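>>> For reference, the sequence and a predicted model appear below.
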Amino acid sequence: MTPTRSVSHPNIEERRARGKAARELVPRSSHSAWKPAADRPDPVGLLEEQNTTREPDLVPVRHGRMLASPFTFYRGAAKIMAADLDGTPTAGLDVQLCGDAHLSNFGAFASPERHLLFDLNDFDETLPGPFEYDVKRMAASFTIAAHNNGFSAADARAVTLRSAASYRKAMADFAQMGTLDIWYARMDEQDLMAAMRKAAAKVGKHPKRAKLAERAEATGVKALEKAHSRDSLQALSKLGELVDGRYRIVSRPPIVVPMRELQSTYGLSGDEVERALHEQFRAYRGTLRDDQRQLLERFELVDVARKVVGVGSVGTRAFIGLLQGRDQGDPLFLQVKEATRSVLEDHLPRSRYKQHGERVVYGQRMMQAASDIFLGWTKGLDVERHFYWRQLRDMKGSADVEAMIPAGLTLYARICGWTLARAHARSGDPVALHAYLGKRDEFEQAIADFSQSYADQNEQDYQAFAAAVRSGRIQAVEGV
């Protein structure tokens, strides 16, 4: 049994004093200044380091997805930014970090009670660390997205300011809340709808923008409606095929490749593959709570396939499993993703979890308002590889950021800023954080300055990456 650690309980005034003292040591304005270090690592070299443990045939796919634009490049460049954040000013107020809090890693999904929630949804890089790391990763993503969408400099800065200001103001609210009230705080579908209506009404006061606002609101409503339809039965219609009276996962290489076609890749016979998969499934079930394990045991594992996901994760091992409950009309899809060492562990203390799948699971449970009931972990056949498991589609939805107008992206920035603050308030000290951030806009102005500087650097890194593709240093397959 793990020994219980001693826990201190400073009072409100002591917590507030800690935050104010941090202002003296690390002024909020200090976050604005950033320039690349003289010995800054080669960004392309950092990406090549990550490729050494990835599936060789999928590395060019990853590069191709990152090559689409500076915005998609940023999505896959968490390791580069982790190196750049090392040594930047931090106030000493640590939280559980998402580790990759760019705006595309927020989205909607179903709670165990079947309510649609909006929250962070990617925790591959989660680790305890300075709250500023997540805020800067998020804010810079809004600057880069705004540039990608062709916004003016003023609109791009306004969007970025809103993300950081929303974080600061939300933290002020959390600082006044009871401990359990913070833990139970969440943003559900009704909150999202109310926020969209309020934003549309505000913009609608300007006749020239009224139609754009109405269109943005309609797009948001449609996205929420679509999320409700995304479940395992819908996934079966997209990913399954009926062969000899049984469903199996359809083959669509290189995006979806069933294990029956990957036997030679992993050096296993058909019987060995089947035995290994069931051993993995049993090991994973053992990490679930008893009631959840017994529920999952009502399902039979029918088929498994490798499936390419995302941008930054492409090339790490990722699979989907098709399970069947009472009959063929009762499917369940699980996703199995490789969990590698967090990119932050090169610069922050290593995780206390030796198993990286476990690190991801516990970080997710700490930061999310509600988590998937089938969230668990296991080691791979190669025990050096770690994985975490979750449902593939459970009312999951995401915003079409690249189609957003300034009003829509500004609203999204406010929602993401609130969400990140709520996640940090669960693991950090909202009283100290609020005391540090203050009531004025000094913090968000500094973050917006940083974000513009970092967006410029991201553009340069993207150009260097594109040049490496053109020269043949690295290979890229586009459009996959």
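Cool, got the structure.
>>> quick check: mean pLDDT across the helix or strand hosting residue 72?
Element membership for residue 72 (DSSP states H and E) is helix 70-75. When pLDDT is averaged over helix 70-75, the result is 98.
>>> next structured bit after that helix?
The helix or strand immediately downstream of helix 70-75 is helix 78-85, counting by DSSP H and E.
>>> and the next element down the chain from the helix or strand harbouring residue 180?
Assessed by DSSP H and E, residue 180 sits inside helix 179-184. Downstream of helix 179-184, the first helix or strand assigned by DSSP H and E is strand 187-188.
>>> Name the strands paired with that following strand and say parallel or antiparallel.
Here strand 187-188 is paired, per DSSP bridges, with strand 116-120 (antiparallel).
>>> Pull the distance from the partner strand to the chain's centre.
Centroid separation between strand 116-120 and its chain, computed with CA atoms, centre = their mean, to the nearest Å, is 12 Å.
>>> and if you look at stretch 241-249?
33 Å.
>>> ok now do the closest residue to residue 292 other than its chain neighbours, which residues does it touch?
Counting by CB to CB, 6 or more residues apart in numbering, residue 373 is the residue found nearest to residue 292 once chain neighbours are left out, at 5.1 Å. Where you see a C-beta, it was placed from the backbone N, CA and C, and this is true even at glycine. Contact analysis of residue 373 by CB atoms under 8 Å, 6 or more residues apart in numbering lists 112, 292, 295.
>>> If any of those are buried, give me the ChimeraX selection for them.
To isolate the buried ones among the contacts of residue 373 in ChimeraX, judged by 16 or more other CB atoms under 10 Å, type:
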select :292
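>>> if you look at the contacts of residue 373, which of them are in helices?
Among the contacts of residue 373, the members found in helices (DSSP state H) are 292, 295.
>>> what's the closest of the contacts of residue 373 to residue 405?
Using CB to CB, the shortest approach to residue 405 within those belongs to residue 112, at 34.9 Å.
>>> my read: the closest one touches residue 370, true?
Yes - with contact defined as CB atoms under 8 Å, residue 112 reaches residue 370; the gap is 6.1 Å.
>>> Using the three-state scheme, assign the residue nearest to residue 292.
The three-state assignment at residue 373 reads coil, by DSSP: H, G, I helix; E, B strand; the rest coil.
>>> Any idea how far stretch 354-370 is from the middle of the chain?
12 Å.
>>> same question, stretch 401-416
Averaging C-alpha positions (CA atoms, centre = their mean) puts stretch 401-416 17 Å from its chain's average.
>>> Stretch 111-126 too?
9 Å.
>>> how about it: buried residues?
For stretch 111-126, a neighbour-count test (16+ other CB under 10 Å) marks 111, 116, 117, 118, 119, 120, 121, 122, 123, 124, 125, 126 as buried.
>>> distance of the residue nearest to residue 292 from residue 108?
Plainly put, residue 373 is 17 Å away from residue 108 if you go by CB to CB, to the nearest Å.
>>> likewise residue 180?
24 Å.
>>> out of the two, which sits in the busier spot?
A direct count of neighbours by other CB atoms under 10 Å for residue 180 and residue 108 places residue 108 higher, at 24 against 8.
>>> Just give the nearest non-adjacent residue to that one, would you?
residue 397 (3.9 Å).
>>> now residue 163
That would be residue 413: by CB to CB, 6+ apart, it lies 3.8 Å from residue 163.
>>> now stretch 254-271: mean pLDDT?
81.
>>> Need the residues that contact it.
Against stretch 254-271 from outside (CB under 8 Å, 6+ apart): 57-58, 61, 239, 248-251, 253, 273, 276-277, 303-308, 319-320, 381, 480.
>>> redo that, cut-off 6 Å
With CB atoms under 6 Å, 6 or more residues apart in numbering as the test, stretch 254-271 has contacts from 249, 251, 273, 304, 305, 306, 307, 308.
>>> Check which element follows the host helix or strand of residue 222 along the chain.
Using DSSP H and E, residue 222 sits within helix 207-229. Using DSSP H and E, the helix or strand that follows helix 207-229 in sequence is helix 232-239.
>>> What is that following helix packed up against?
strand 331-339 (3 or more CB pairs under 6 Å, 6 or more residues apart in numbering; DSSP states H and E).
>>> what angle separates the strand it packs on from helix 232-239?
80 degrees (axes from the mean of the first three to the mean of the last three CA atoms, to 10 degrees).
>>> Distance to residue 474 and pLDDT added to the buried residues of stretch 111-126, as CSV?
Converted to CSV, the buried residues of stretch 111-126 look like this (distance: CB to CB, whole Å; pLDDT from 0 to 100):
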residue, distance to residue 474, pLDDT
111, 41, 92
116, 40, 93
117, 38, 95
118, 36, 96
119, 34, 97
120, 30, 97
121, 29, 95
122, 24, 95
123, 27, 97
124, 22, 97
125, 22, 98
126, 28, 98
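>>> Can you lay out these as JSON lines showing distance to residue 391?
Below are these laid out as JSON lines (distance: CB to CB, whole Å):
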{"residue": "111", "distance to residue 391": "12"}
{"residue": "116", "distance to residue 391": "14"}
{"residue": "117", "distance to residue 391": "14"}
{"residue": "118", "distance to residue 391": "17"}
{"residue": "119", "distance to residue 391": "15"}
{"residue": "120", "distance to residue 391": "16"}
{"residue": "121", "distance to residue 391": "12"}
{"residue": "122", "distance to residue 391": "15"}
{"residue": "123", "distance to residue 391": "15"}
{"residue": "124", "distance to residue 391": "17"}
{"residue": "125", "distance to residue 391": "21"}
{"residue": "126", "distance to residue 391": "19"}
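>>> how about these, which pair is most distant?
Pairwise distances across these (CB to CB) peak at 25.4 Å, for the pair 116 and 125.
>>> measure the one residue sitting closest to the centre of the chain to residue 367 for me?
Geometric centre of the chain, nearest residue: residue 122, 2.7 Å, by CA atoms, centre = their mean. Going from residue 122 to residue 367 by CB to CB gives 11 Å.
>>> Show me the shaky parts of the stretch 201-350 of the chain.
Counting by pLDDT under 70, the stretch 201-350 of the chain shows low-confidence ranges at 203-213, 268, 270.
>>> Can you check which helix is longest in this protein?
helix 442-471.
>>> what's the distance between that one and the middle of its chain?
The answer for helix 442-471 is 20 Å, by CA atoms, centre = their mean.
>>> Could I get the average pLDDT for that helix?
Helix 442-471 carries an average pLDDT of 98.
>>> which other helices and strands contact that helix?
Packed next to helix 442-471, using 3+ CB pairs under 6 Å, 6+ apart, are helix 43-51, helix 70-75, helix 131-148, helix 153-175.
>>> tell me the domain boundaries of the chain?
12-228+402-471, 232-391 (automatic domain parsing).
>>> Can I get those domains in a markdown table including distance to residue 6?
Listed next are those as a markdown table, based on distance: least, CB to CB, whole Å:
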| stretch | distance to residue 6 |
| --- | --- |
| domain 12-228+402-471 | 17 |
| domain 232-391 | 16 |
